[in-house]
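>>> pasting the sequence and the predicted coordinates here, then a few questions.
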Amino acid sequence: GHRDLDVLVQPRMLPGHLIGEGELSYATSDPFSVEGSGDARHRLVRFGVTGEEGRVRYGIRYRSAGSAALIQPDQDFQEAWVGGQYGVTTVTTSVQENTNNVDHDPTRPRITTMQKRLALGMTLPSWPTLNVAYAQGSSFSAQDPLGGTPQRSQFDSVETSLNYTVSGVTLGTGS
């Protein structure tokens, strides 16, 4: 078994315009040991804030999980986004950063990926929702355990999906 300490908070701020969410979780595999207490490898920290002003929605998210965390371990994730709905069209833009090797283990590479994304969705009554997104980003290594030169790469991607909702169940395909 394992021991968990979880704290989840979801306050509403500024009369319904902002919703915050935060979580602190700590787990260890030995329920009778305090060894590892305070060890960042066992910790998960997550928080986010979303807001809405008229048709515009926005938010930020942050998540950091140590290498021994139970769900999506060894990752730092940060994101800021803004979007809105205008008639049958939704537009969302975001900036994300994802890093692994959060414990800075010198025997493993540390890779950071940054991405900017623009998504457009269109929903007509009684028709499927069509989504198209374009993302541009870069990935780079901050350390190489074998002493090699850090690597850097850039990428562009296009995503599409078609979703149809029938009686509350969404069917879809994407690429």
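Thanks, I have it. Numbers count the residues shown, from 1 in each chain.

>>> isn't Tyr164 up against Pro128?
Yes. Applying Cβ atoms under 8 Å, one finds Tyr164 in contact with Pro128, separated by 4.1 Å. Where you see a C-beta, it was placed from the backbone N, CA and C, and this is true even at glycine.

>>> more neighbours: the two, which one.
Neighbour totals were compared for Tyr164 and Pro128, and Pro128 leads with 17 against 13 (other Cβ atoms under 10 Å).

>>> so where does the closest residue to Arg57 other than its chain neighbours fall, helix or strand?
Nearest non-adjacent residue to Arg57, counting by Cβ to Cβ, 6 or more residues apart in numbering: Gly83, 5.5 Å away. Counting by DSSP states H and E, the element that carries Gly83 is strand 75-86.

>>> what pairs with Ser25 across the strands?
Here Ser25 sits in beta bridges with Asp6, Leu44, going by DSSP bridges.

>>> based on its surroundings, how many neighbours for it?
18.

>>> could you measure from it over to Ala68?
Going from Ser25 to Ala68 by Cβ to Cβ, to the nearest Å gives 11 Å.

>>> in the sheet, who's paired with the residue nearest the centre of the chain?
For the chain, the residue sitting closest to the mean C-alpha position, by Cα atoms, centre = their mean, is Phe77 at 5.5 Å. Beta-bridge partners of Phe77, counted by DSSP bridges, are Arg63, Asn98.

>>> so what's Gly83 up against?
56-58, 90-93, 119 (Cβ atoms under 8 Å, 6 or more residues apart in numbering).
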